[in-house]
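[1] Generate a structure from the sequence data that follows.
(chains A and B)
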Amino acid sequence: MIAAGAAPLLQLRGIARTYGQGETAVQALRGVDLDVAAGDFVALTGPSGSGKSTLLHLCGLIDSPDRGELRLEGLETGALSVQELTLLRRQKLGFVFQGFNLVPVLTARENVEYPLLLAGVPPRQRADRTARMLERVGLRQQADRRPDQLSGGQRQRVAIARALVTGPRLVLADEPTANLDGATATQVIDLMHELGRDHCATFIVATHDARMTSRCDRVVALTDGVLS
Amino acid sequence: MKWLLFAVKNVLRNRRRSAVTVLIAAVGTAAILVGGGFAQFTYESLKEMAARESGHLVVAHLDHFDKDEEAPLQLGLAGHQTLRTRLMADPQVRAVLPRLQLSGLISNGDTSAIFVGSGVDAGGEFAVRGPFLSVTAGDVLDPRPGAGDVPEIMLGKDLARSLHAGPGSSLTLMATTTEGSLNAVDVRVKGIFSVGVPDIDKRIIMVHLGTAQRLLLTDKVSTLSVYLHETAATDAMRDRLRQALPDQAIRTWLDEAFFYQAVRQLYDRIFGLLGLVLVAMVLFAVSNTLGMAVLERTREIGTLRAMGTLPGQVVRNFALEGLVIGVAGALLGMLVAAATSLGLDAAGLQMPPPPGRSVGYPLHVDLPPVLFAVTAAVIVLSAVAAAWVVSRKAARTSIVEALAHV
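    Okay, here's the model as predicted:
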């Protein structure tokens, strides 16, 4: 929840996004207004095709709206260049994907280390922070294993560690429990909550999982591109 | 270093495909090196042959190279002994050899033939000619002119055959003197030689300078051939001599080396084209391999871009993969080329005689460090360029599209 007078971490106003042109055009989002406060754990729900992923992509600055304003920490992002958006993502955002999206040739340690390498963190600090994060997600023993040598739950924990290792302000997660069994999904949800709290990170999670929505501070439902 | 390690891991992702690409790059490198090394050896051999034949520099009468003589040695060098002494005083000069060009008739009493040849200083001439003069019978001229009772002569092997002459045979040389009269000198065959060109071997002779001067009734010579310690000093020496001897014409071995220049032009084109084809082959192979890698890793590229990897960094990562493939291929190719060179030397293979020549030459591949360096650089840069081209578009694809790629 946003305290009175405090600026939201993320502010969306009149956001619209259409795919395609002419008769085949699909309006994925139709004027979405949304404020997300720092520290919130927001679930984004809705049926398939409701615009959840589109909204998540826009919040993650990997797509641009056709209309409307999107502010991150008060900064209007519409006029930023590709380079500026990339650096903003690197500094302030983290991503967790449904399919884990780990780099298959890198070990768990190297996957977690990658964002720190991008950020230009010195080697010793990089090693310390990576080790701490792997310890935190319970994968210290598996640090030198490649993704194909890890279980689904372990892979998602590596992905969560990778998303949080740089200390981002906002983490976007797209169906993070969709590919996991019930027990593992619950562990991952617990882990995301714990790490979000520890790192003061804000989470926006697109999900169908009732276990996830029941644990979120706020649930935002989308229907046909409109918040309901 | 981390990025390079990342590139190595990505190259090893599809080992078989990468191995084939590295092999193609290696074959390209080896082929360029072997072809270039063979051309290099040919150039160096022809260069040495030309320099030994004419001298690094040729000093002559001012009009010797540009005008025709109406009488023998009309444009010859007078007082060549003084000039020779002056030239020999230069520390860069190894030898100065006078030569007198002459032509006329040679007869065994029954048969006559036209000859062209040289009067030479036998003491120095055969030392500088080295392996490029092949004596097939008898011996070279005695270094002491006038050692025997009859002047000595060496005949081209085909001329000797047409005159039925061999070492010890007596022949007569006839030529027009500098005064326009006919003169004759009896000579005895000392040796038979070949320069490797049948058309020349049919006409050529060599006699002592004194014999040639006595035949033409002159004390002039046609040219002075200047031999230096270092071929590389030729141009500087030419410039110095032109200043010091304004009344003489100075030419370098390269000006006189028509065969060398023709071969070099031909080989430069042949091996240049071959090199281009091989570089194109490497370009296509690396483009194909990394193009497939880019396609297969589109989703991964989207993930890395979402995490804050700049498009330029994505391209750089692929360029590093191209670098790894290029370096591996170039190193392997260099080893193959070195082994080929050693193998050819050990096998002692000979090339067939070039057109217009009667003797072959060793099939040898010269591999100077600069050839290794330039070839490796071209192959590595081609691989990097190919990687850069194929990854540029993918790095700029929409992240959402890339993440949705299946």
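
[2] Could you point out the helix or strand that follows the lowest-mean-pLDDT helix or strand in chain A?
    When each helix and strand of chain A is scored by mean pLDDT, DSSP states H and E, helix A:182-198 comes last, with a mean of 86. Per DSSP states H and E, helix A:182-198 leads on to strand A:202-206 as the next helix or strand towards the C-terminus.

[3] helices and strands around that next one, which ones?
    If contacts are counted by 3 or more CB pairs under 8 Å, 6 or more residues apart in numbering or on different chains; DSSP states H and E, strand A:202-206 sits against strand A:41-45, helix A:52-59, strand A:170-174, helix A:182-198. The C-beta positions use only the backbone N, C-alpha and C, and glycine is treated the same way.

[4] That strand: partners in the sheet, and parallel or antiparallel?
    The strands that strand A:202-206 pairs with in its sheet are strand A:41-45 (parallel), strand A:170-174 (parallel) (by DSSP bridges).

[5] right, and the helix or strand after that strand?
    Beyond strand A:202-206 on the C-terminal side, the first helix or strand identified by DSSP H and E is helix A:210-214.

[6] Show me which residues of chain A are close to chain B?
    A:57, A:60, A:62-63, A:82-83, A:86-87, A:89-91, A:93, A:95, A:97, A:101, A:103-106, A:110, A:114-115, A:117-119, A:162 (CB under 8 Å from any CB of the partner chain).

[7] thinking again about what came up before, quick one: work out the angle between the least confident helix or strand of chain A and strand A:41-45.
    Counting by axes from the mean of the first three to the mean of the last three CA atoms, to 10 degrees, helix A:182-198 lies at 140 degrees to strand A:41-45.

[8] Please identify the buried residues of helix A:182-198?
    A:T184, A:A185, A:T186, A:Q187, A:V188, A:I189, A:L191, A:M192, A:H193, A:L195, A:G196 (16 or more other CB atoms under 10 Å in any protein chain shown).

[9] Using CSV, write out every CA atom in the longest strand seen in chain B.
    Longest among the strand segments of chain B by residue count, using DSSP state E, is strand B:93-107. Extracted in CSV, the C-alpha atoms of strand B:93-107 (Å, rounded to 0.1, in the frame of the first residue of the first chain):
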residue,chain,number,x,y,z
VAL,B,93,80.2,-3.3,-52.0
ARG,B,94,81.2,-7.0,-52.0
ALA,B,95,82.4,-7.2,-55.6
VAL,B,96,82.5,-5.3,-58.9
LEU,B,97,82.6,-7.4,-62.0
PRO,B,98,83.2,-6.1,-65.5
ARG,B,99,81.2,-7.7,-68.4
LEU,B,100,81.6,-7.3,-72.1
GLN,B,101,78.6,-8.4,-74.2
LEU,B,102,79.5,-9.8,-77.6
SER,B,103,78.0,-11.7,-80.5
GLY,B,104,79.2,-13.3,-83.7
LEU,B,105,79.9,-16.7,-85.2
ILE,B,106,81.4,-19.7,-83.6
SER,B,107,82.8,-22.5,-85.8
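
[10] And the average pLDDT for that strand is what?
    Across strand B:93-107, the average pLDDT comes to 94.

[11] quick one, which of the strands paired with strand A:202-206 is packed in tightest?
    Among those, ranked by average contacts under mean count of other CB atoms under 10 Å in any protein chain shown, first place goes to strand A:170-174 (a mean of 25).

[12] residues near A:T177, how many?
    By other CB atoms under 10 Å in any protein chain shown, the residues close to A:T177 number 24.

[13] What separation is there between the nearest residue to it once chain neighbours are set aside and B:L295?
    In space, not counting the residues next to it along the chain, A:T177 is nearest to A:A185; the distance is 3.8 Å by CB to CB, 6 or more residues apart in numbering or on different chains. Note on A:A185: its distance to B:L295, by CB to CB, to the nearest Å, is 33 Å.

[14] What of A:T223?
    Look at A:T223 and B:L295: by CB to CB, they are 36 Å apart.

[15] How about B:G168?
    For B:G168 relative to B:L295 (CB to CB), the value is 82 Å.

[16] With adjacent residues omitted, what lies nearest to the residue of chain A found nearest chain B?
    When scored by CB to the nearest CB, chain A has A:R90 as its residue closest to chain B, at 2.5 Å. Closest residue in space to A:R90, ignoring its immediate chain neighbours: B:G308 at 2.5 Å, by CB to CB, 6+ apart.

[17] contacting residues around that neighbour?
    A:T86, A:L87, A:R89, A:R90, A:Q91, A:L93, A:P115, A:L118, A:A119 (CB atoms under 8 Å, 6 or more residues apart in numbering or on different chains).

[18] rerun that using 7 Å as the cut-off
    With contact set as CB atoms under 7 Å, 6 or more residues apart in numbering or on different chains, B:G308 has these partners: A:T86, A:L87, A:R89, A:R90, A:P115, A:L118.

[19] Can you tell me the element it falls in?
    Here B:G308 sits in a region with no helix or strand, counting by DSSP H and E.

[20] Phi first, then psi, for the closest residue to B:E179 other than its chain neighbours.
    Excluding its sequence neighbours, the residue lying closest to B:E179 (CB to CB, 6+ apart) is B:L217, at 6.1 Å. With angles defined as degrees, to the nearest 10, B:L217 sits at phi 60, psi 60.

[21] again, but for B:R242
    Backbone geometry at B:R242, expressed as degrees, to the nearest 10, gives phi -60, psi -30.

[22] which element is the nearest residue to it once chain neighbours are set aside on?
    Leaving aside its chain neighbours, B:R242 sits nearest to B:I250 (5.2 Å; criterion: CB to CB, 6+ apart). Using DSSP H and E, B:I250 sits in strand B:248-252.

[23] Check the gap between the residue in the stretch 251-400 of chain B that chain A sits nearest to and A:L117 for me.
    Chain A sits closest to B:G308 of the stretch 251-400 of chain B, with a gap of 2.5 Å, by CB to the nearest CB. Separation of B:G308 from A:L117 (CB to CB) stands at 11 Å.

[24] Could you pull out the strands in the stretch 151-300 of chain B for me?
    Taking DSSP state E, counting those that start in this stretch to define them, one finds strands in the stretch 151-300 of chain B at B:152-156, B:170-176, B:182-194, B:204-208, B:223-228, B:248-252.

[25] could you say what helices and strands the first one packs with?
    When contacts are defined as 3 or more CB pairs under 7 Å, 6 or more residues apart in numbering or on different chains; DSSP states H and E, strand B:152-156 packs onto strand B:182-194, strand B:204-208.

[26] now, of those, which is deepest in the fold?
    Most buried of the helices and strands packed on strand B:152-156, by mean neighbour count (mean count of other CB under 10 Å): strand B:204-208, with a mean of 26.

[27] now that strand, how far from the centre of its chain.
    Offset of strand B:204-208 from its chain centre (CA atoms, centre = their mean, to the nearest Å): 27 Å.

[28] Can you check what angle separates that strand from strand B:93-107?
    Going by the same axes, to 10 degrees, strand B:204-208 makes 120 degrees with strand B:93-107.

[29] Near the residue lying closest to A:T45 once chain neighbours are set aside, how many other residues are there?
    Nearest non-adjacent residue to A:T45, counting by CB to CB, 6+ apart: A:A221, 5.1 Å away. By the criterion of other CB under 10 Å, A:A221 has 15 neighbours.

[30] that older thread, I'd say the residue nearest to A:T177 and A:R211 touch.
    Yes. Here A:A185 reaches A:R211: they are 6.4 Å apart, a contact under CB atoms under 7 Å.

[31] coming back round to it: where's the residue of chain A closest to chain B relative to B:Q313, distance?
    Taken as CB to CB, the span from A:R90 to B:Q313 is 10 Å.

[32] Just want to know which of those two has more residues nearby.
    A:R90 (20 against 15).

[33] Which residue comes closest to the spatially most central residue of chain A once chain neighbours are left out?
    By CA atoms, centre = their mean, chain A has its centre lying nearest to A:L172, at 1.3 Å. Closest residue to A:L172 apart from its sequence neighbours, by CB to CB, 6+ apart: A:G60 at 4.3 Å.

[34] and if you look at B:L62?
    Leaving aside its sequence neighbours, B:L62 sits nearest to B:A249 (CB to CB, 6+ apart; 5.2 Å).
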